[in-house]
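Asker: Predicted coordinates and the sequence they were generated for:
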Number of protein chains: 2
Amino acid sequence: MPESFGNRLRERLLEAGPLCVGIDPSRDVVRAWEREDTVEGAEYVALTTLEATIGVAAVIKCQVAFFERFGSPGVAVLERVLREARAAELVVIADAKRGDVSSTSEGYAQAWLESASPLCVDAVTLTPYLGVGALEPFFRVAASNARGVFVLAATSNVEGRTLQSARTSEHDRVETMVLREVARRNEDAEGLGSVGAVLGATRERPEFDLTTLKGPFLVPGVGAQGASPTDVAHLFTGCVDGSVTVNVARASDELRAAL
Amino acid sequence: MPESFGNRLRERLLEAGPLCVGIDPSRDVVRAWEREDTVEGAEYVALTTLEATIGVAAVIKCQVAFFERFGSPGVAVLERVLREARAAELVVIADAKRGDVSSTSEGYAQAWLESASPLCVDAVTLTPYLGVGALEPFFRVAASNARGVFVLAATSNVEGRTLQSARTSEHDRVETMVLREVARRNEDAEGLGSVGAVLGATRERPEFDLTTLKGPFLVPGVGAQGASPTDVAHLFTGCVDGSVTVNVARASDELRAAL
């Protein structure tokens, strides 16, 4: 059995630093690169960003929406990007935000976490609106393939605040409940667990003690969305070194030096 | 401008009855049909189910996960199913449960709701963990293309209860807050609005007055998941005729007669 996702990720983050470079060929980005907004334009942006990442960061995060918008030809481009990223030995996260009732989560887990799938990645992001329990097939398939997941807990956008800070019948915030359920699934892990959480850097320190997650954090919100490297350092004080990966739109030297 | 999604859907449901037939080529279903679990097996199940639906129900719902699990070839099969369903003049819902921050929601809206996309459908299901406000690009793209959406409110699975019944700072349940925000986006609609909600039939009547949604309901949970046609009738008492579509795994005569 290969090493677990959590430990592999940590090793790479300790070597290369916390940056996770976003591969985000949105309509706006493709046009800003002065390409036509076609599947070829998106492929150019994605592969060029990927190439620029090699040697700079250990982790990439592909935003699935920006490939899916072209239908199956776009998904085929994503598959090519994933293949090339694997060949370059990058840790690859699919930012897919999938999640459904468990029988359907099973289908998505086959797509993103089974080794035979052309969309197979090291880890996939998940959304828990149907309950963390409904994501169980992802946890199971991830564990048996030495892969991982990141469950959305507190996101960096303001529109998510009302829902994520609502109080459950146990008086936990929704985000706290999610983090607690994630932590429970890392209890038996040796080293860093493979069930991670997405926690926006634009957020105040949550009620949940982040040092007890025993899994990795994926952190959006730095740069364009307004959070600074200092915000990140503050938010994750006391967390295990190499357990936090910070997503940036591109691997700027400035951000790299600061993190 | 063609007629709005809400009004088109209602017209078809009044003609043909409330059934929405699920196209769900999961691993288990493909094997139960005694086919190999390959992309060809899934295609066979999907197209055969589609064919059996014509003349029986007006609406189909394709579960995207069960196509995505084969990567781009699976997505290409979904595109074929969507094309054939459109040719048969069925109302087509993609059960994709997409949703992200607004810039990413924009990408998903392009995939599922822009007419030029090979994945274009009449309506797509959305998940509101990042806030209903983050789904705004879907509402906008849907409106300008005479298409629609269904936002998850209360789902039929038990694992979702803790989150969906958590109380916001306004003392609303999360599901109530979602339904309220959906209703707000139908305020100016003529006839039935095009912003719908997913409401599981296994649920008790929610605190939100469903008769005020002014949009369509997509209702899972009947049959395999335990709810009966009587549960559905009870839940939606007083709602506009033709505003409720009930998803079933297949269009059985028994269910058809009961609904």
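Answerer: Received, thanks.
Asker: ok, and what's touching the helix or strand containing A:Leu47?
Answerer: A:Leu47 is part of helix A:39-53 when elements are defined by DSSP states H and E. Here helix A:39-53 makes contact (C-beta atoms under 8 Å, 6 or more residues apart in numbering or on different chains) with A:21, A:23, A:25, A:29-30, A:33, A:35, A:60, A:62, A:66-67, A:70, A:73-74, A:77-78, A:80-81, A:84-85, A:88, A:90, A:250-251. C-beta coordinates here come from the backbone N, C-alpha and C atoms, glycine included.
Asker: now the strands for chain A?
Answerer: Here chain A has its strands, by DSSP state E, at A:19-23, A:59-63, A:91-98, A:123-126, A:148-154, A:195-199, A:217-219, A:244-248.
Asker: phi, psi of A:Glu36?
Answerer: phi -70, psi 140 (degrees, to the nearest 10).
Asker: how many neighbours does it have?
Answerer: 11 (other C-beta atoms under 10 Å in any protein chain shown).
Asker: for A:Leu47, same thing?
Answerer: By other C-beta under 10 Å, 17 other residues sit near A:Leu47.
Asker: Next, work out how far apart it and chain B are.
Answerer: Per C-beta to the nearest C-beta, to the nearest Å, A:Leu47 is found 16 Å from chain B.
Asker: now the farthest one out in chain A, which residue is it?
Answerer: What lies farthest from the middle of chain A is A:Ser169; by C-alpha atoms, centre = their mean that is 28.9 Å.
Asker: residues in contact with that one?
Answerer: Counting by C-beta under 8 Å, 6+ apart, the residues that A:Ser169 touches are B:162, B:165-166.
Asker: Mind pulling the model confidence for it?
Answerer: At A:Ser169, the pLDDT value in this model is 96.
Asker: Who's the closest spatial neighbour of A:Val75, skipping the chain neighbours?
Answerer: B:Ser72 (4.1 Å; C-beta to C-beta, 6 or more residues apart in numbering or on different chains).
Asker: Tell me where the stretch 101-250 of chain A has helices.
Answerer: Ranges of helices in the stretch 101-250 of chain A, per DSSP state H, counting those that start in this stretch, are A:102-113, A:136-144, A:161-164, A:174-184, A:229-235.
Asker: Between strand A:91-98 and the helix holding A:Leu47, find me the angle.
Answerer: Angle between the axes of helix A:39-53 and strand A:91-98 is 140 degrees (criterion: axes from the mean of the first three to the mean of the last three C-alpha atoms, to 10 degrees).
Asker: buried set for helix A:39-53?
Answerer: Judged by neighbour count using 16 or more other C-beta atoms under 10 Å in any protein chain shown, the buried positions of helix A:39-53 are A:39, A:41-47, A:49-50, A:53.
Asker: so how far is it off the chain centroid?
Answerer: Its chain's C-alpha centre and that of helix A:39-53 lie 19 Å apart, by C-alpha atoms, centre = their mean, to the nearest Å.
Asker: And for stretch A:157-177?
Answerer: 20 Å.
Asker: Quick check: buried residues in that stretch?
Answerer: In stretch A:157-177, counting by 16+ other C-beta under 10 Å, buried: A:157, A:159-168, A:172-177.
Asker: go on, stretch A:54-71?
Answerer: Here stretch A:54-71 shows A:57-71 as buried, counting by 16+ other C-beta under 10 Å.
Asker: Kindly report the same for stretch A:12-31.
Answerer: So for stretch A:12-31, counting by 16+ other C-beta under 10 Å, buried means A:12-13, A:16-27, A:29-30.
Asker: Go back to those and keep what's next to chain B.
Answerer: Restricting those to those within reach of chain B (C-beta under 8 Å from any C-beta of the partner chain) leaves A:26-27.
Asker: Look up how far A:Thr211 lies from A:Ala183.
Answerer: 10 Å (C-beta to C-beta, to the nearest Å).
Asker: Count the residues that sit near A:Ala249.
Answerer: 17.
Asker: residues in contact with the closest residue to it other than its chain neighbours?
Answerer: Spatially, and ignoring its direct neighbours in sequence, A:Ala249 is nearest to A:Gly22 (5.3 Å; C-beta to C-beta, 6+ apart). By C-beta under 8 Å, 6+ apart, the contact set of A:Gly22 is A:60-61, A:63, A:95, A:247-250.
Asker: again, only using 6 Å
Answerer: Neighbouring residues of A:Gly22 by C-beta atoms under 6 Å, 6 or more residues apart in numbering or on different chains: A:61, A:247, A:249.
Asker: Could you pick out the residues of chain A near chain B for me?
Answerer: Neighbours of chain B within chain A, by C-beta under 6 Å from any C-beta of the partner chain: A:26, A:63, A:65-66, A:68-69, A:71-72, A:75-76, A:79, A:97, A:100-101, A:104, A:107-108, A:110-111, A:117-119, A:127, A:129-131, A:133-134, A:152, A:155, A:157, A:159-160, A:162-163, A:166-168, A:174.
Asker: Ends of stretch A:209-229, what's the gap?
Answerer: 20 Å (C-alpha to C-alpha, to the nearest Å).
Asker: Distance from the chain centre to that stretch, please.
Answerer: Counting by C-alpha atoms, centre = their mean, stretch A:209-229 comes out at 11 Å from the chain centroid.
Asker: what's the answer for stretch A:12-19, then?
Answerer: 15 Å.
Asker: A:Ala57 touches A:Val21, doesn't it?
Answerer: Yes: here A:Ala57 reaches A:Val21: they are 4.9 Å apart, a contact under C-beta atoms under 6 Å.
Asker: Poorly predicted segments of the stretch 151-259 of chain A, please.
Answerer: By pLDDT under 70, the low-scoring segments of the stretch 151-259 of chain A are A:224-225, A:250-259.
Asker: closest point of it to chain B, which residue?
Answerer: A:Glu159 (3.1 Å; C-beta to the nearest C-beta).
Asker: so that residue makes contact with B:Ala134?
Answerer: Yes: in this structure A:Glu159 lies within contact range of B:Ala134 using C-beta under 6 Å: 4.4 Å.
Asker: Excluding chain neighbours, give the residue nearest to A:Thr127 in space.
Answerer: A:Gly99 (4.2 Å).
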